[in-house]
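Student: Model the following, please.
(chains A and B)
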Protein chains: 2
Amino acid sequence: MIGIVGGLGPYSGLDITKKIIDETAARSDQEHLPLLLFSCPHLIPDRKAYLLDTSNENPGKAIASVLRKLEIAGATVAAIPSNIVHAEPIFSFIKAEIARTGSTLQLLHIVHETVQFVHENYPDTMVGVISTAGEQLYSLYRAAFIEKGFDVVTPEGTEQEKVNNAIYDAEYGIKAQPVPIANKAREDLLSAMDDLKKKGAQVIILGCAELPLAIPERDHNGMIIIDPNRILARALIRAVAPDKLKPL
Amino acid sequence: MIGIVGGLGPYSGLDITKKIIDETAARSDQEHLPLLLFSCPHLIPDRKAYLLDTSNENPGKAIASVLRKLEIAGATVAAIPSNIVHAEPIFSFIKAEIARTGSTLQLLHIVHETVQFVHENYPDTMVGVISTAGEQLYSLYRAAFIEKGFDVVTPEGTEQEKVNNAIYDAEYGIKAQPVPIANKAREDLLSAMDDLKKKGAQVIILGCAELPLAIPERDHNGMIIIDPNRILARALIRAVAPDKLKPL
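Tutor: Predicted structure coming up:
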């Protein structure tokens, strides 16, 4: 059974659950995979607050406890649909904590799965990573792609500001107005992607959980667009039932 | 904690989970409600097959077992986002089975919650119920509304055929083509609703889980549209945290 730690935020847990269903080859309800979404947002302290001030409680502790609950309920593989949780000070704590409690749960890593996917399917490409300035600080995408030998570009200056505002602006940002997405948010993100194309990007990584809401397409201006939640969903299916994974 | 029996079908479990998040007043991840979506579609036999031939295994047995798992994991109130599961031969079996195993879980009933909602908010209205011919056979909406003193109208003849085809047609039906919904499916459903308006309907009940995908609006042609999954989501929130229920 697949386990998902939800609530980080709530819509991100929903999004990966939807993508697991979308990417499963099934002709009836019964052919779909067993899965468990455990969402305890009230128990899990703010992730960014911890990274900015590690004297706060490590949110990894509560996340590890949810993972144990998933395992007790029958999950054999699990994932946490949140980029920032995979920053080292949190993720390594989670790994240590579940190991300490004797867990044998297979825990997937959103960044490693995404890098591996691009490495297998689009080797030797130049990778553009789009995310907020805050996420760029903690995101492991850049370092993980470079380690695999990829060249990486990210938005700079006004283009980075456009990305930040597309997510956070109080009027047109995706967080403030998720349904429907404001045209300005979408256009500014496409503009930032076009700018990365000029720098040579062939593959774009949507490095914040909000971005696939505004950019659902799988390619743009000749570049491949990678949605890490979709990759993580596919990796979860492959872990429990590789024969049910839909073709790309 | 809220528990949801998912997988009946998979997108319906997802839909109610989304509506619980949508209808919760929360300014941060941490303010969202704890919830658990347990989806074991492979364990739960076909519901229509059982109603057509009750010599098959009652799917209520497997559903009761999922409810017990939800309760053991911490759920205090639960719901099953599927209309047909609430047909008496299945639902009363589930109630008896969880009572037999000593459960104290509060199990909500999608039809009763919907009828109660309409009774409180739109009393003395004429109710139109839209669903497939198959669902009309087993659906409790008609009987439950009549019992509360409502007048009820349902599509007949070619209008009922339009509803069936909007859901089941191999080319343009919602089941075959959920994203994006075919114009014809949507137009035929609106036409069936307009026909119920001519018969006096003031409130329309979307009596199949697929219908809110094609009819997301909350009113049409002067009629109020009721989405039972949204009502069930609101009832779940009210059961655990009435102060967090968004205004209608």
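
Student: Please spell out the segments of chain A that come in under the pLDDT threshold.
Tutor: For chain A, the stretches with pLDDT under 70 are A:139.

Student: how is it carved up into domains?
Tutor: A:2-109+A:230-244, A:111-227 (automatic domain parsing).

Student: Dump these to JSON lines, plus mean neighbour count and distance to chain B.
Tutor: From N, CA and C alone the C-beta is placed, and that goes for glycine too. Output for the domains of chain A, formatted as JSON lines (neighbours: other Cβ atoms under 10 Å in any protein chain shown; distance: least, Cβ to the nearest Cβ, whole Å):
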{"stretch": "domain A:2-109+A:230-244", "mean neighbour count": "20", "distance to chain B": "4"}
{"stretch": "domain A:111-227", "mean neighbour count": "18", "distance to chain B": "9"}
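
Student: would TSV of these with distance to B:Ile4 be doable?
Tutor: Shown next, in TSV, are these (distance: least, Cβ to Cβ, whole Å):
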stretch	distance to B:Ile4
domain A:2-109+A:230-244	9
domain A:111-227	22
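
Student: List just the one of those that sits closest to B:Ile110.
Tutor: Evaluated with Cβ to Cβ, the domains of chain A place domain A:2-109+A:230-244 nearest to B:Ile110, the distance being 17.2 Å.

Student: what's the distance between that closest one and the middle of its chain?
Tutor: 11 Å (Cα atoms, centre = their mean, to the nearest Å).

Student: So which residues of chain A form strands?
Tutor: Secondary structure of chain A (DSSP state E): strands at A:2-6, A:35-39, A:77-79, A:106-107, A:126-130, A:151-153, A:203-206, A:219-220, A:223-226.

Student: how about those in CSV, adding distance to B:Glu71?
Tutor: Formatted as CSV, the strands of chain A follow (distance: least, Cβ to Cβ, whole Å):
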stretch, distance to B:Glu71
strand A:2-6, 18
strand A:35-39, 14
strand A:77-79, 22
strand A:106-107, 26
strand A:126-130, 43
strand A:151-153, 48
strand A:203-206, 38
strand A:219-220, 46
strand A:223-226, 40
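
Student: Of all those strands, which one is nearest B:Ser131?
Tutor: So among the strands of chain A, strand A:35-39 is nearest, using Cβ to Cβ, at 27.7 Å.

Student: ok, and what's touching that closest one?
Tutor: Applying Cβ atoms under 8 Å, 6 or more residues apart in numbering or on different chains, the external contacts of strand A:35-39 come out as A:1-7, A:10, A:13-14, A:17, A:20, A:66, A:69-70, A:73-75, B:6, B:17, B:32, B:34-39, B:73.

Student: quick one on the thing from earlier: B:Val240 is nearest to which of the domains of chain A?
Tutor: Nearest of those to B:Val240, taken as Cβ to Cβ: domain A:2-109+A:230-244 at 11.4 Å.

Student: wouldn't A:Leu70 be in contact with A:Ala78 here?
Tutor: Yes - counting by Cβ atoms under 8 Å, A:Ala78 is a contact partner of A:Leu70 at 5.4 Å.

Student: Now do the shared contacts for these two.
Tutor: Common neighbours of A:Leu70 and A:Ala78 (Cβ under 8 Å, 6+ apart) are A:3-5, A:105.
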